[in-house]
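I'd like to go over a predicted model; first the sequence, then the structure.
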Amino acid sequence: ADFISETLHAHSIYILRDQSGDGRDLCDSMPPILLKDKIKTLGVSSISIAEEYKKIIKTIQATKPEIIFYCGKYDVAAALLSLIRKENIDTFFIGGDTLGTSGFKNLAGHAAQGVYYFSVTAPPELYNSTAAFIKSYRQKYNKSPKAFGVLGYDAMNVTLAGIEQAIKSQGGKKPTRAQVSNSLKKINILGKNSLTGNINFNKMGDRHTSTVFIMRFGEDLIPRLWSVVPVSRP
């Protein structure tokens, strides 16, 4: 919300979502966040069939939002965005990390230029501590790691650390699943020992600190880092 109001200087938004569970969940989480930053929601539309696209576009033309925020799968986003741009609607188009897939870019084509999306991952080279990891990965697999490879690496190290602590707590005996789970809750890995920063968890199982990356498609349809938003959870 801060990015929308402070960086894009927008104060009105129209939310679109498809019928997927991810689309619904992201859509439901948006209004309280927007109200906090005094961003006016002009409407929320659920998309189920392609025949609804033209009706939605007419609604957008009538309400004139400064932001169109999309929640859902990339194929619906690409089809809808292409029609929006054909109608010469140049409103900012923003969505979740499904817009970062190659499928979205391939389907949307040049309509994807200037689109923003939020992601919990970024290209591996954008993290501060990944140089050695990237080099080792390329040497072993003859290709570069993808974004979720970095998170996967940290996740495995967290799992191994939890198992190790559980074994120690049992005097070297094989721990139960519950004992490993309890050890994981107490994990505290400092940033220098991970690729993605400090790793520790709150009562809900979420990391106390994490990062949201805001990416933007350039004219060459390559997504690049636009902004980094630290997230803290008590």
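Here it is on my side, so go on. What you are looking at is a predicted structure, and each value in this text was computed from that prediction instead of being measured.

what pLDDT does the model give the residue nearest the centre of the chain?
The chain has residue 119 as the residue nearest its centroid, 2.2 Å off, counting by Cα atoms, centre = their mean. Note for residue 119: predicted pLDDT of 90.

how close does the residue nearest to it when sequence neighbours are not counted sit to residue 190?
In space, and not counting its chain neighbours, residue 119 is closest to residue 97: 4.0 Å by Cβ to Cβ, 6 or more residues apart in numbering. All C-beta spots, glycine's among them, are computed from the backbone N, C-alpha and C. Remark: distance between residue 97 and residue 190 (Cβ to Cβ, to the nearest Å) = 27 Å.

so for the two, which sits in the more crowded spot?
Of the pair residue 97 and residue 190, residue 97 is the one with more neighbours under other Cβ atoms under 10 Å, namely 18 against 10.

relative to residue 53, how far out is the more buried one?
Taking Cβ to Cβ, one finds residue 97 at 23 Å from residue 53.

go on, residue 139?
As judged by Cβ to Cβ, residue 139 and residue 53 stand 47 Å apart.

between the two, who's got more neighbours?
Neighbours of residue 139 and residue 53, each counted by other Cβ under 10 Å, are more numerous for residue 53; the result is 17 against 8.

one step back: was I right to think the residue nearest to the centre of the chain contacts residue 212?
Yes - using Cβ atoms under 8 Å, residue 119 makes contact with residue 212 at a distance of 7.3 Å.

need the contact partners of the top helix by length along the chain.
Under DSSP state H, the helix in the chain containing the largest number of residues is helix 147-169. If you take Cβ atoms under 8 Å, 6 or more residues apart in numbering as the criterion, helix 147-169 is touched by 119-124, 127, 130, 133, 137, 173-175, 179-184, 186-187, 189, 194-196, 199.

pull out the buried positions in it.
147, 149-150, 153-154, 157-158, 161-163, 165-167 (16 or more other Cβ atoms under 10 Å).

most distant residue from the middle of this protein?
residue 171 (40.9 Å).

host element of it?
Assigning secondary structure by DSSP states H and E places residue 171 outside every helix and strand.

give me every residue that touches it.
Per Cβ under 8 Å, 6+ apart, neighbours of residue 171: none.

just the pLDDT for it.
94.

and what of residue 112?
pLDDT, read off for residue 112, is 95.

for residue 5, same thing?
At residue 5, pLDDT is 80.

so what's the backbone phi/psi at it?
Residue 5 adopts backbone torsions of phi -80, psi -40, taken as degrees, to the nearest 10.

do residue 233 as well
Residue 233 has phi and psi values of phi -130, psi 130 when expressed as degrees, to the nearest 10.

my guess is it contacts residue 203, does it?
No - Residue 233 is beyond contact range of residue 203, at 10.0 Å (criterion: Cβ under 8 Å).

neighbour count for the two, which is higher?
residue 233 (12 against 8).

counting by contacts, list what the helix or strand hosting residue 136 packs against.
Using DSSP H and E, residue 136 maps to helix 131-141. On a contact count with 3 or more Cβ pairs under 8 Å, 6 or more residues apart in numbering; DSSP states H and E, helix 131-141 meets helix 147-169.

quick one: the helix it packs on to helix 131-141, angle?
With axes from the mean of the first three to the mean of the last three Cα atoms, to 10 degrees defining the directions, helix 147-169 sits at 100 degrees from helix 131-141.

from the chain's centre, how far out does helix 147-169 sit?
Relative to its chain's centre, helix 147-169 lies at 22 Å (Cα atoms, centre = their mean, to the nearest Å).

please apply the same query to stretch 14-25.
Centroid displacement of stretch 14-25 relative to its chain, using Cα atoms, centre = their mean, is 14 Å.
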